[in-house]
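*Asks:* The amino acid sequence is not available; the structure is as follows:
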Ligand SMILES: CC(=O)OC[C@H](N)C(=O)O
């Protein structure tokens, strides 16, 4: 056998030893959970409380089955983690209800909550993030990242499951938003498309440090702003303008705007 094929054989053996669930199985679980909590999302309604309870049990079993192949990498037994996750679901629901309301209140174009839940990419990305964050806190490897990447692929909104985001989080439009692993966001924060809450390009050895900014409550960040660094704190009630590049902290109630160096040229030609 050629060296190349031997190399591939080693890779496949290693992959078999690190058995993670198929992406489609993870996607099915994540979407089923959202539909259980918010039937508006797909329109698949289960009004009977008995059915709802059964569905909850089914989801718990589904998560346990999904975790079983990776049991040797889990801090606790798959069934225990699955139960622990399901006990957190009411809190996830509460936070998502607040997020949906914040999106509805924050966007004059939203006609009703149903529209936000059914059609808004921001709601979908936050829902997947909140689910992934709960699994991340339970120290489950890879799975949380798979879940946020499903939302990233669908919405263009990239939220790392490690970020800590308080409720009443509003994302309007959202395409191109990036929120890094150690970001902290307070209540009632609103982000527009293309915002990056990121890290400076630093050594891999700094991986466990706080690398991403802290955004205090009631901050609005307009399209295309880039805010970087673990020591960067955006004080509460600040407004950060579009295309701003910020790698330092700003006081509460700040107004930070991008000042163009070149004026637009106006043509007099007809
Ligand atoms: C969001 C971002 O800029 O992240 C940079 C890099 N992935 C890190 O986590 O440090």
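*Replies:* On my side now, so go ahead. None of these values were measured; they are calculated from a predicted model.
*Asks:* contacts, neighbours, all on C-alpha from now
*Replies:* OK.
*Asks:* Quick check: the closest residue to the ligand within the stretch 151-270 of the chain vs residue 16, distance?
*Replies:* Relative to the ligand, the nearest point of the stretch 151-270 of the chain is residue 198 (3.3 Å; Cα to the nearest ligand atom). In this view, residue 198 and residue 16 are 34 Å apart by Cα to Cα, to the nearest Å.
*Asks:* More neighbours: the two, which one.
*Replies:* Legend: neighbour count by other Cα atoms under 10 Å for residue 198 and residue 16, higher for residue 198 (21 against 11).
*Asks:* quick one, phi/psi of that one?
*Replies:* phi -130, psi -170 (degrees, to the nearest 10).
*Asks:* Please tell me I have it right and it contacts residue 225.
*Replies:* No: between residue 198 and residue 225 there is no contact under Cα atoms under 8 Å: 10.6 Å.
*Asks:* per-residue pLDDT, the residue nearest to residue 162 when sequence neighbours are not counted?
*Replies:* Leaving aside its chain neighbours, residue 162 sits nearest to residue 181 (4.7 Å; criterion: Cα to Cα, 6 or more residues apart in numbering). pLDDT for residue 181: 97.
*Asks:* Going by neighbour count, list what's buried in the lengthiest helix in the chain.
*Replies:* Ranked by number of residues, the top helix in the chain under DSSP state H is helix 78-106. Residues of helix 78-106 classed as buried by neighbour count (16 or more other Cα atoms under 10 Å): 78-79, 81-82, 85-86, 89, 92-93, 95-106.
*Asks:* Kindly report the same for stretch 223-240.
*Replies:* Those buried within stretch 223-240 under the rule 16+ other Cα under 10 Å are 223-230, 232-240.
*Asks:* Nearest spatial neighbour of the closest residue to the ligand within the stretch 1-150 of the chain, chain-adjacent residues omitted?
*Replies:* Going by Cα to the nearest ligand atom, the ligand is nearest to residue 145 of the stretch 1-150 of the chain, at 12.5 Å. The shortest distance from residue 145 to any residue other than its chain neighbours is 6.3 Å, reached at residue 161 (Cα to Cα, 6+ apart).
*Asks:* Now find how far off-centre the helix or strand where residue 63 lies is within its chain.
*Replies:* In the assignment (DSSP states H and E), residue 63 maps to helix 49-67. What separates the centre of helix 49-67 from the centre of its chain is 23 Å, taken as Cα atoms, centre = their mean, to the nearest Å.
*Asks:* Repeat that for stretch 127-134.
*Replies:* 6 Å.
*Asks:* Next, give phi and psi for residue 176.
*Replies:* According to degrees, to the nearest 10, residue 176 has phi 90, psi 0.
*Asks:* ok, residue 77 - how many residues close by?
*Replies:* 14.
*Asks:* Up against the ligand, what does the stretch 1-150 of the chain have?
*Replies:* Neighbours of the ligand within the stretch 1-150 of the chain, by Cα under 6 Å from any ligand atom: none found.
*Asks:* just for the stretch 1-150 of the chain, where's the confidence low?
*Replies:* Residue ranges of the stretch 1-150 of the chain with pLDDT under 70: none are present.
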